[in-house]
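Visitor: Dropping the sequence and predicted coords here.
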Amino acid sequence: MKFALTSALLVASASAFAPSATFVRPSVALSNARVDSADAVNAAMEASEKFGKTSPEARSAWDIVEEMDASDNSEAVKPAGEAIPAVTPISMEEKDASATISSESVSVQEAIAEAKRITEEKGISSPEARVAWETVEEIGATESHHKSTGQG
């Protein structure tokens with residue numbers, strides 16, 4: 001008796017996890033159409049006028065508009081308009097020319113000297129020293145970019 005009751009209970013509970021024959025999966029098709037947020041914008045404007053610009057109601061309504069606009073990925077699914085240009089090999093003359101010191105590398109050296117001077121005068125944690133060293137980093141990054149793209 002216990003065995004029959006246990007097996008009936010086991011079969012009944014196991015059927016809860018089995019797929020049903022009457023279940024029909026809805027078709028999910030991705031659409032490239034832009035979401036129309038005009039009604040949401042109007043509702044957000046009404047909420048702003050009624051409750052105030054900084055009210056929780058207005059902020060929530062504008063958040064909805066922002067989420068709707070952010071869900072637009074139509075640009076991501078468009079075919080590329082331009083082909084990527086082919087990479088051309090660098091000749092030995094161009095390689096030698098890029099190895100010479102350019103005016104930019106001189107400006108990096110000047111920026112380093114200036115940053116050292118400011119650091120000695122104002123201290124390493126001063127805002128002026130931070131800006132000077134950030135300038136050195138930016139000039140170095142620009143120089144590195146120019147070298148990697150063949151512009152410098």
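Guide: Sure, I can see it.
Visitor: Do you have the helices of this protein handy? List them.
Guide: 2-14, 38-51, 56-70, 92-99, 103-122, 127-149 (DSSP state H).
Visitor: need the helix or strand of this structure with the lowest average pLDDT.
Guide: Every helix and strand in the chain was compared by mean pLDDT, DSSP states H and E; the lowest is helix 92-99, with a mean of 51.
Visitor: What does the pLDDT read for Ser60?
Guide: We note a pLDDT of 92 for Ser60 in this prediction.
Visitor: so what's it up against?
Guide: Ala47 (CB atoms under 8 Å, 6 or more residues apart in numbering). Using the backbone N, CA and C atoms, a C-beta is placed for each residue, glycine as well.
Visitor: what about it, distance to Lys53?
Guide: To Lys53, Ser60 is 13 Å away according to CB to CB, to the nearest Å.
Visitor: swap in Glu143?
Guide: Distance, Glu143 to Lys53, by CB to CB: 46 Å.
Visitor: Those two: which is more packed in?
Guide: Taking other CB atoms under 10 Å, Glu143 and Lys53 do not tie; Glu143 has more neighbours (16 against 10).
Visitor: Thought Val108 was touching the more buried one, still the case?
Guide: Yes. Using CB atoms under 8 Å, Glu143 is in contact with Val108, at 6.1 Å.
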